[in-house]
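Peer 1: Build me a model:
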Amino acid sequence: MPLLSAKPSTEAVDALIAHLRLHPEDVSEAPEVLATRFAIHVEFIKAVRAQLRPHSAHASVFQVQMWIDAIKDWLRLALERFDKWTERTKTFITLTFFSSALLIAIVAGLTNLFPARFEQVGDAIRTIFSFTLIAIAFLLQGLCYFRKAMTRFAFYGGFNLWIILTVMLIGANLLERQSLYLILLVPFVAAVPAVSYAALGSGASILGGYAQLKVSEFREERMSRQELLERFFELQERLSQGTYDEVEGPAWSEWPVIRHYRKHPIVVSVCVGLLWSLTRAGMDAVLRTPFDAGQLARAPSTSGSSASSFIQSVLLVAEFFIVIGMGFLSGKVRRGLVYATIYIAAVLSVRFAFGLLPVQFWDKVGDVAWAVARCWLLVMFGALGSKVQTQANYIKQLQLNNQAALVAEMLRIQWRLADGGQHVCVMSVDVARSSQMKAGVDPLAVEYSFREFQDWIELTGNAFEGNVLNTMGDGAILSFPTAYLALTAARRMQTELPMFNRETNRLESPFRVRIGLHSGYVAGELDEVQFAAVIDIAAHTQGVAPVGGISMTEEVATQFDENEVVPLAKEVDGHRIFLAINPTED
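Peer 2: Numbering: from 1, shown residues only. Now for the predicted structure:
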């Protein structure tokens, strides 16, 4: 990949001007695209665009793109500044929590000083301020979790929230002189919203990790062939310096229940569903609360006792972690959905047995459907989390120069480079004595004639499924799917070239060409693999052809009858060369 110098070369600037003169609509392209294409620093492109008065036909598009670029730059700078603020993530989380709690306490204390006739105003101020501050703090923390993509920070935040809620609720109960029983219950009650917060934060982290994964995949897809080659040889150098250490998973992955689930996921899913549903049914019976399928999907009613509500909330949170854990351990979304469906079937079978009669079932269909949908959604989140963790571990192993990971990455790059690999026949066309044709001739006539010649080559090649790869200089490089089509196109060119000279050529000298053919395998798309050996050999083969003739390597000649080709007493790049006996059509 060329270096993008801050001071562009004259050649690069001339190329940029020439391109935008012919394609003014490309001014609206992203500066990074133009910078990469012409090897010019992106800041130089931005400076040109900032001072450019666009062509009237593209002014509106240009202005819209300028606004979009400005917003993107602003967002990028804001995120960079935010990432800098949150470099010490735990400190950021702690400060936002405790500073918010302190400000809410200060405002609450100040509003309590309002006279009695302004009590409602004080309550409104306190409520609006608290809600706004909490929303801002949670949004900033959610963005932090999303950007860091690490669930451990979400659990750390949940721990902070648990401490704050516990302290505040105990203080409030002491001021109101509540019973010791309620005060002792506070830490457990505070754990429910804290765990819920940690779960939501973990969801933001998982989404952030998945977004980073997709961005990384998108960038890899846009990598040029040269960049992939640079990456491959970099890994090759690191491979000799790396070490092979067996990759060890986290300690919890060796727990017996985890290993058993991964070995027998269907059996465990059924057992967990039955046991969990029986547990819920037993707790409902003890607490004397109605048992219905809707409790899968919504929090329990708060009309009961505080102990009942607390226990039901704990059970709901526990079920949340069970389902999302199933998705995480499954590793794949489709597999997780299958196991979750089996789990739900086991749960519902027990619920039917505990009195969910068929007559009542139709009143509960909505609750059951929502429960199933919610369960599937949680499983998908768990599976995404597993995918993110797997990718993060893979990247970590690459950074540690683990030889197994390096080899896997090298193979992946090689397979990507080989995408689109195919057998092709390449044609090299060159104009004989082109310098003499141009000498002392009107430059406009030269430009017109050679441009028309290249267009004619392209049209003739396209008629036989040919694809022009390069038209630089005085000739062209084309690819064809078969040798038969390539030779047929070559004969058509030699046959119709006199007609082109009579009707289109504005030069005194006629166009006369040599054509060379070579067939071979190309690892990748040929229009990207511009330095493939098959192209070089075709060009060298064309160099030994007589003017008006067609030469070919043995790989091409063997696909035709002996009465169509004749061997030459020479080789090119280790390949025997043949001439087409009849270079024109009959």
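Peer 1: residue ranges with poor pLDDT in the stretch 101-250 of the chain?
Peer 2: 178-179, 181-182, 225, 244-250 (pLDDT under 70).
Peer 1: Could you pull out the helices in it for me?
Peer 2: Applying DSSP state H, counting those that start in this stretch to the stretch 101-250 of the chain gives helices spanning 119-148, 151-175, 180-222, 225-241.
Peer 1: list the buried ones in the helix or strand where A445 lies?
Peer 2: According to DSSP states H and E, A445 maps onto helix 443-462. Residues V446, S449, F450, E452, F453, Q454, W456, I457, E458, T460, G461 are the ones in helix 443-462 that count as buried (16 or more other Cβ atoms under 10 Å). For every residue, glycine as well, the C-beta is placed using N, CA and C.
Peer 1: can you list the residues you listed in CSV and add distance to L487?
Peer 2: Formatted as CSV, those follow (distance: Cβ to Cβ, whole Å):
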residue, distance to L487
V446, 30
S449, 26
F450, 25
E452, 24
F453, 21
Q454, 21
W456, 18
I457, 16
E458, 18
T460, 13
G461, 12
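Peer 1: Looking at the residues you listed, which is nearest V429?
Peer 2: V429 has its nearest neighbour among these in I457, at 6.0 Å by Cβ to Cβ.
Peer 1: In this structure the closest one contacts V468, no?
Peer 2: Yes: here I457 reaches V468: they are 7.2 Å apart, a contact under Cβ atoms under 8 Å.
Peer 1: Which neighbours do the two have in common?
Peer 2: Common neighbours of I457 and V468 are listed as A476, L478 (criterion: Cβ atoms under 8 Å, 6 or more residues apart in numbering).
Peer 1: Of the helices of the stretch 101-250 of the chain, give the one that comes closest to M410.
Peer 2: It's helix 225-241; of those, that one is closest to M410 (Cβ to Cβ) at 5.1 Å.
Peer 1: how far out from the middle of the chain is whichever helix or strand comes after that closest one?
Peer 2: Counting by DSSP H and E, the next helix or strand C-terminal to helix 225-241 is helix 256-263. Chain-centre distance of helix 256-263: 32 Å, with Cα atoms, centre = their mean, to the nearest Å.
Peer 1: Equivalent analysis for stretch 508-524, please.
Peer 2: Using Cα atoms, centre = their mean, the mean C-alpha position of stretch 508-524 is found 39 Å from that of the whole chain.
Peer 1: picking up where we left off before, now render the helices of the stretch 101-250 of the chain as JSON lines, adding distance to N402 and mean neighbour count.
Peer 2: Shown next, in JSON lines, are the helices of the stretch 101-250 of the chain (distance: least, Cβ to Cβ, whole Å; neighbours: other Cβ atoms under 10 Å):
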{"stretch": "helix 119-148", "distance to N402": "24", "mean neighbour count": "16"}
{"stretch": "helix 151-175", "distance to N402": "23", "mean neighbour count": "18"}
{"stretch": "helix 180-222", "distance to N402": "19", "mean neighbour count": "17"}
{"stretch": "helix 225-241", "distance to N402": "10", "mean neighbour count": "13"}
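Peer 1: TSV please, covering those and showing distance to G282.
Peer 2: Formatted as TSV, these follow (distance: least, Cβ to Cβ, whole Å):
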stretch	distance to G282
helix 119-148	36
helix 151-175	28
helix 180-222	20
helix 225-241	57
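Peer 1: so which of the ones you listed gets nearest E319?
Peer 2: Ranking the helices of the stretch 101-250 of the chain by proximity to E319 (Cβ to Cβ) places helix 180-222 first, at 11.5 Å.
Peer 1: tell me the angle of that closest one relative to helix 119-148?
Peer 2: Calculated by axes from the mean of the first three to the mean of the last three Cα atoms, to 10 degrees, helix 180-222 forms an angle of 40 degrees with helix 119-148.
Peer 1: Can you tell me the closest non-neighbouring residue to T504?
Peer 2: E452 (5.0 Å; Cβ to Cβ, 6 or more residues apart in numbering).
Peer 1: I figured the one you found was touching E503, is that so?
Peer 2: No: counting by Cβ under 8 Å, E452 stays clear of E503, with 9.9 Å between them.
Peer 1: one step back: next SSE after the helix holding A445?
Peer 2: Scanning onward from helix 443-462 (DSSP H and E), the first element met is strand 467-470.
Peer 1: how about S434, what does it touch?
Peer 2: By Cβ under 8 Å, 6+ apart, the neighbours of S434 are D474.
Peer 1: So it versus E230, what's the distance?
Peer 2: The gap separating S434 from E230 is 36 Å, by Cβ to Cβ, to the nearest Å.
Peer 1: quick one on the thing from earlier: could you list the residues in contact with the helix holding A445?
Peer 2: Applying Cβ under 8 Å, 6+ apart, the set of residues contacting helix 443-462 is 427, 429, 431, 437-438, 466-468, 471, 474, 476, 478, 480, 489, 492-493, 496, 500, 504-507, 511.
Peer 1: Which of these fall within helices?
Peer 2: M437, K438, A489, R492, M493, E496, F500 (DSSP state H).
Peer 1: Need those residues in JSON lines (columns: neighbour count, pLDDT and distance to A211).
Peer 2: Below are the ones in helices among the contacts of helix 443-462 laid out as JSON lines (neighbours: other Cβ atoms under 10 Å; pLDDT from 0 to 100; distance: Cβ to Cβ, whole Å):
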{"residue": "M437", "neighbour count": "20", "pLDDT": "88", "distance to A211": "58"}
{"residue": "K438", "neighbour count": "19", "pLDDT": "87", "distance to A211": "56"}
{"residue": "A489", "neighbour count": "25", "pLDDT": "93", "distance to A211": "48"}
{"residue": "R492", "neighbour count": "16", "pLDDT": "93", "distance to A211": "53"}
{"residue": "M493", "neighbour count": "24", "pLDDT": "94", "distance to A211": "52"}
{"residue": "E496", "neighbour count": "14", "pLDDT": "93", "distance to A211": "56"}
{"residue": "F500", "neighbour count": "18", "pLDDT": "93", "distance to A211": "55"}
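Peer 1: Kindly indicate which of the residues you listed lies nearest S196.
Peer 2: Nearest member of those to S196, counting by Cβ to Cβ, is A489, at 69.4 Å.
Peer 1: isn't the closest one right up against F464?
Peer 2: Yes: contact between A489 and F464 holds when scored by Cβ under 8 Å: they sit 4.0 Å apart.
Peer 1: Mind listing the shared neighbours of the two?
Peer 2: With Cβ under 8 Å, 6+ apart, A489 and F464 have common neighbours F480.
Peer 1: Counting by contacts, list what whichever strand or helix holds A12 packs against.
Peer 2: Using DSSP H and E, A12 sits in helix 10-22. Helices and strands touching helix 10-22, by 3 or more Cβ pairs under 8 Å, 6 or more residues apart in numbering; DSSP states H and E, are helix 31-38.
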